[in-house]
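*Asks:* Below: sequence and its predicted model.
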Amino acid sequence: MTGDGDVTEKVIDPIKVYSEKELIREIDKIAATLVPEKDWSIRIAAMQRIEGLVLGGWYFPSFFQE
């Protein structure tokens with residue numbers, strides 16, 4: 001470890017998105033970083049961003065429709 005502490009213990013702030021389009025952009029950015037070629041700390045940050053979106057309370061019913 002580097003001295004920065006455990007990144008998994010970081011307090012996650014809610015991330016508000018105000019449209020389905022904005023949510024899709026966020027998910028696309030996150031998906032691009034969740035690949036094995038990326039450093040583990042980058043993938044952890046992406047998962048924390050997903051947690052922030054959930055904490056932000058997003059919900060767009062049409063997002064779940066095919």
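*Replies:* On my side now, so go ahead. None of these values were measured; they are calculated from a predicted model.

*Asks:* what comes up buried for the longest helix anywhere in the chain?
*Replies:* Using DSSP state H, we find that the single longest helix of the chain is helix 40-55. If you call a residue buried by 16 or more other C-beta atoms under 10 Å, then helix 40-55 has these buried ones: 43, 46, 48-50, 52-53. Bear in mind the C-beta positions are built from the backbone N, C-alpha and C, glycine included.

*Asks:* Give the ranges of residues in the chain that sit below the confidence cut-off.
*Replies:* 1-8, 62-66 (pLDDT under 70).

*Asks:* change it to 80
*Replies:* Flagging of the chain using pLDDT under 80 yields the residue ranges 1-9, 58-66.

*Asks:* all helices for it, in order.
*Replies:* Using DSSP H, helices in the chain cover 20-33, 40-55.

*Asks:* for those helices, which one sits closest to residue 61?
*Replies:* Minimum separation from residue 61 across the helices of the chain (C-beta to C-beta) falls at helix 20-33, 9.4 Å.

*Asks:* neighbouring contacts of that closest one?
*Replies:* 15, 17, 42-43, 45-46, 49-50, 53, 58, 60, 62-63 (C-beta atoms under 8 Å, 6 or more residues apart in numbering).

*Asks:* Would you mind measuring from residue 45 to residue 12?
*Replies:* According to C-beta to C-beta, to the nearest Å, residue 45 stands 10 Å off from residue 12.

*Asks:* ugh, typo on my part, it should be residue 35
*Replies:* Distance of residue 35 to residue 12, computed by C-beta to C-beta: 22 Å.

*Asks:* So which of the two has more stuff around it?
*Replies:* The neighbour count for residue 35 versus residue 12, taken as other C-beta atoms under 10 Å, is higher for residue 12 (15 against 10).

*Asks:* ok, the more buried one touching residue 54?
*Replies:* No. With contact defined as C-beta atoms under 8 Å, residue 12 does not count as touching residue 54 (9.1 Å).
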